[in-house]
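Can you look at this prediction? I've put the sequence above it.
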Amino acid sequence: MNKPASLGLTDEEISRYSRHLILPEVGVEGQLKLKKARVLLIGTGGLGAPLGMYLAAAGVGTLGLVDFDNVDASNLQRQIIHGTKDVGRPKISSAKDRLLDINPNVNIETYETRLTSQNALEIIKKYDIVVDGTDNFPTRYLVNDACVLLGKPNVYGSIFRFEGQASVFWAEKGACYRCLYPEPPPPGLVPSCAEGGVLGVLPGIIGTIQANETIKLILGGGEPLINRLLLFDAWKMRFRELKLHKNPQCPICGENKSIHQLIDYEVFCGLGPSSSEVKLEEITAPELKRQIDLGKNIQIIDVRDSNEYAIARIPNSKLIPLNQIVERSKEIDPNLTAVLHCKGGIRSAKAINALKENGFTGTLINLRGGILAWSNEVDPSVPKY
Amino acid sequence: MSVPVYIPTALRQFTGGKSEINVEAKTAGEAIEQLTTQFSVLRKHLYNDQNALRSFVNVYVNDEDIRHQSGLQTLLVAGSTVTIVPSIAGGVVDE
C-alpha cells in the first residue's frame, strides 16, 4: 500500500491518531494543524494536568509548560499528571515525563519560572494559544493583558469547591477577561481552594473543557466559547451558559484603552508590598507553646471550618469559623489575650481585621503559619492536611 | 412576583448554605435588595460604599448581564431568573 507522499504524518502517527483521522471534523488536515500548533500551558496543577495530558494525547506538536512549584502530597487528589513517586520533584519535570510517556512525538518546552510582567510577553509571543491553569487573580490578569496585547486567544478556566467556569477570551473576536471583570476583588474576599477546598474531579472536568476549546481553536471549527461563559455545578450536575459582550469601555481592549503595557499584577490585585494592610501582632508556634507552658492565660481561637477542626487541632482551642467571627465575638474574652489561628495564618489575619473593624477591644494576636507551623515546630503528631 | 436568585458557591456561606433563594421582586435591583435584606452580611460583598454593585460582581437576568440591559432597573417577568456571578479563583498565588 502506498500512502500519498504529502500526507505529512508518519506510520506511527497514522495509527496513533486513527480515531481523529477518520473523524471528518479533524481528518489528516486537522491532525496536521494539531501537529503544527504551539500551545502554552501556564501551571501544571489541577487544571493543567488534564489539559496537558489530553493536548499531548491529541498530538499538539509543541506544548510549553510554565511552573515553578514542586509536587506536594496534597496535590495528588486532583493533579493526576503527577504520581506518588513524584512528590518533591519539580512539577515541570514530573509533567514532562508524564506527557512524553503519553506521546513521545510532542515537543515539550519548559519554563521553570513564575510567569511575570517581565517574562510574559517574551514567552507568550512564541505560542498560538495560551491556556491559564493557575487560577489565581494576578496570573489571570497578567495572562489576559499579555494575550490582548499580543492578539492571542486565552482559554480560561476557574474552579472553587464544586463550581467551575470556562470561557475563551480573544479580544479580536469578542470579550476579554477585563470586559467581564475590569478589576479583581480585594484580597481576602474570595476564598481559595486551599482555604475552601475543591472536589478533586472538578479541575478534571473544567481542565478537559479547556482542552476541548483549545483543540477547536486549533482546528478552526466547531463553536468555541467566545462571548460565552460556561458555569458548572458538580454537586447539582448542572451546566449553565451566560452571554458575554465586548465592553466598549474595557481598559485594555476597548475603544479608549488606558492600558498599553503590562503592569505589576501583584500590586493591582492588592497583594504587593504597597498593600495598605495594617501590620498585625504575631506570635510564632514555639513562642505560643512556651507561653502556654508558663501557665499564661491565653485563649486560642481557631477560625477554620469545623471539618478542618475535625482533622487536626491545637489543644484547648475554641472553634469559631471565620464567617461567624463577628457575630460570635462575645465568646472571646476581651480581658484575656486571644491568639487566633487557621491553617496557614491568612484567615486568622482576616478574622483579626474583621474583629477590629467591628470594635473588638481585646488583644488579638495572629499565630504565624497557623496550625501547619504548630505541627512543624511544636507537635508533629498534629496531622498536616 | 417570585423569582429565584442563584447564589454562587463563594457566597453561600452568607446565605446559610442555600444555593437558590426566592424573592419577591419586579426588577433585578429589587431582587438583590430583597436578598440582602434577608441576608444582611451579603450586602458588603455585593455593594460598595457608594451603594453600587461591586465591579467584581456581575448580575445576570436569565443569560444576559444587567450591565448590558437596564442595570438594576432591568425588569423581571414571570419565569425570569437572577444569577450572581462573582469572579472566582481557586488557585493559590504562592505556597
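Arrived safely, thanks for sending. Numbers count the residues shown, from 1 in each chain, chains lettered A, B, ... in the order given.

Domain-wise, how is chain A divided?
Here the domain parsing of chain A from automatic domain parsing is A:9-268, A:282-377.

can you give me the end-to-end distance of the first one?
Distance between the boundary residues of domain A:9-268 (CA to CA, to the nearest Å) amounts to 47 Å.

Make sure residue A:52 is actually in contact with residue A:97.
No: between residue A:52 and residue A:97 there is no contact under CB atoms under 8 Å: 11.5 Å. The C-beta positions use only the backbone N, C-alpha and C, and glycine is treated the same way.

Looking at the two, which has the bigger crowd around it?
residue A:52 (29 against 17; other CB atoms under 10 Å in any protein chain shown).

a helix runs through that one, doesn't it?
Yes: under DSSP: H, G, I helix; E, B strand; the rest coil, residue A:52 falls within a helix.

now the chain, which segments are flagged as low pLDDT?
In the absence of a named chain, this looks at chain A. Along chain A, the model assigns pLDDT under 70 to residues A:1-6, A:188-189, A:272-278.

sorry, should have said chain B
In chain B (pLDDT under 70), the answer is B:93-95.

and the spatially most central residue of it, helix, strand or coil?
Geometric centre of chain B, nearest residue: residue B:84, 3.7 Å, by CA atoms, centre = their mean. Under three-state DSSP, residue B:84 falls in the strand class.

OK, contacts around it?
Counting by CB atoms under 8 Å, 6 or more residues apart in numbering or on different chains, residue B:84 makes contact with B:5, B:6, B:7, B:8, B:11, B:32, B:46, B:57, B:58, B:59, B:60.

One more: residue A:364?
A:280, A:281, A:338, A:340, A:352, A:355, A:356.

Count the residues that sit near the residue nearest to residue B:34 when sequence neighbours are not counted.
Nearest non-adjacent residue to residue B:34, counting by CB to CB, 6 or more residues apart in numbering or on different chains: residue B:23, 3.8 Å away. Applying other CB under 10 Å, we find 19 residues neighbouring residue B:23.

With residue A:178 instead?
With other CB under 10 Å as criterion, residue A:178 counts 23.

do residue B:51 as well
Quick note: residue B:51 (other CB under 10 Å) scores 7 neighbours.

Quick check: the gap between it and residue B:43.
10 Å (CB to CB, to the nearest Å).

circling back: which of the contacts of residue A:364 has the largest number of neighbours?
residue A:340 (29 neighbours).

So which elements touch the helix or strand containing it?
If you go by DSSP states H and E, residue A:340 is part of strand A:337-341. Secondary-structure packing of strand A:337-341 (3 or more CB pairs under 8 Å, 6 or more residues apart in numbering or on different chains; DSSP states H and E): strand A:298-302, helix A:346-357, strand A:364-367, helix A:370-377.

Now do the contacts for residue B:21.
Residue B:21 touches B:4, B:5, B:7, B:15, B:35, B:38, B:39, counting by CB under 8 Å, 6+ apart.

Can you add neighbour count and distance to residue A:321 and give the residues you listed back as JSON lines?
As requested, these are arranged in JSON lines below (neighbours: other CB atoms under 10 Å in any protein chain shown; distance: CB to CB, whole Å):
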{"residue": "B:4", "neighbour count": "15", "distance to residue A:321": "27"}
{"residue": "B:5", "neighbour count": "23", "distance to residue A:321": "24"}
{"residue": "B:7", "neighbour count": "23", "distance to residue A:321": "18"}
{"residue": "B:15", "neighbour count": "17", "distance to residue A:321": "15"}
{"residue": "B:35", "neighbour count": "23", "distance to residue A:321": "22"}
{"residue": "B:38", "neighbour count": "14", "distance to residue A:321": "21"}
{"residue": "B:39", "neighbour count": "18", "distance to residue A:321": "17"}
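
From residue A:217, how far out is the closest residue to residue A:242 other than its chain neighbours?
Of all residues beyond its chain neighbours, the one nearest residue A:242 is residue A:229 (4.5 Å), with distances taken as CB to CB, 6+ apart. Distance from residue A:229 to residue A:217, counting by CB to CB: 17 Å.

got it, and residue A:54?
In terms of CB to CB, residue A:54 sits 14 Å off from residue A:217.

Repeat that for residue A:204.
Taken as CB to CB, the span from residue A:204 to residue A:217 is 21 Å.

Near the nearest residue to residue A:338 once chain neighbours are set aside, how many other residues are there?
In space, and not counting its chain neighbours, residue A:338 is closest to residue A:299: 4.5 Å by CB to CB, 6+ apart. Residue A:299 has 17 neighbours, counted by other CB under 10 Å.

same thing with residue A:77?
14.

who touches residue A:252 in this structure?
A:144, A:145, A:148, A:149, A:171, A:176, A:178, A:258, A:259.

likewise residue A:192?
Neighbours of residue A:192 in contact, by CB under 8 Å, 6+ apart: A:136, A:160, B:89, B:90, B:91, B:92.

coming back round to it: three-state assignment of the residue nearest to residue A:242?
strand.

With the one 10 residues further on instead?
Classification of residue A:239 by three-state DSSP places it in strand.

For chain A, which residue gets nearest to chain B?
residue A:135 (3.3 Å; CB to the nearest CB).

which residue sits closest to residue A:223, ignoring its sequence neighbours?
In space, residue A:223 is closest to residue A:216, 7.7 Å off (CB to CB, 6+ apart).

just to revisit the earlier point, for the residue nearest to residue B:34, what is the enclosing helix or strand?
strand B:20-24.

That strand to strand B:82-86, inter-axis angle?
130 degrees (axes from the mean of the first three to the mean of the last three CA atoms, to 10 degrees).

Strand B:20-24 pairs with which strands, parallel or anti?
strand B:2-6 (antiparallel) (DSSP bridges).

Any idea how many residues pack against residue 86?
Answering for chain A, as no chain was given. The burial count for residue A:86: 20, using other CB under 10 Å.

try again with chain B
When neighbours are counted by other CB under 10 Å, residue B:86 comes out with 20.

repeat for residue A:89
15.

swap in residue A:358?
11.

Next, the residue nearest to it when sequence neighbours are not counted: secondary structure please.
Using CB to CB, 6+ apart and skipping residues adjacent in sequence, the residue nearest residue A:358 is residue A:326, 5.0 Å away. Residue A:326 carries the three-state label coil when classified by three-state DSSP.

okay, now residue A:326: neighbour count?
16.

How about the contacts made by it?
Contacts of residue A:326 by CB under 8 Å, 6+ apart are A:354, A:355, A:358.

what does residue B:57 give?
B:45, B:46, B:84, B:85, B:86.

Distance of it relative to residue A:184?
12 Å.

Also residue A:50?
With CB to CB as the criterion, residue A:50 and residue A:184 are 26 Å apart.

Could you do residue A:101 as well?
37 Å.

closest to residue A:294 among the contacts of residue B:57?
residue B:45 (41.4 Å; CB to CB).

What's the local residue count around the closest one?
20.

and what of the one 4 residues further on?
Residues lying near residue B:49 (other CB under 10 Å) number 6.

That one and residue B:71: what is the separation?
From residue B:49 over to residue B:71 (counting by CB to CB), the distance is 18 Å.

so what secondary structure elements neighbour the host helix or strand of residue A:64?
Using DSSP H and E, residue A:64 sits in strand A:62-66. Applying 3+ CB pairs under 8 Å, 6+ apart, one finds that strand A:62-66 contacts strand A:38-42, helix A:48-58, helix A:91-102, strand A:107-111.
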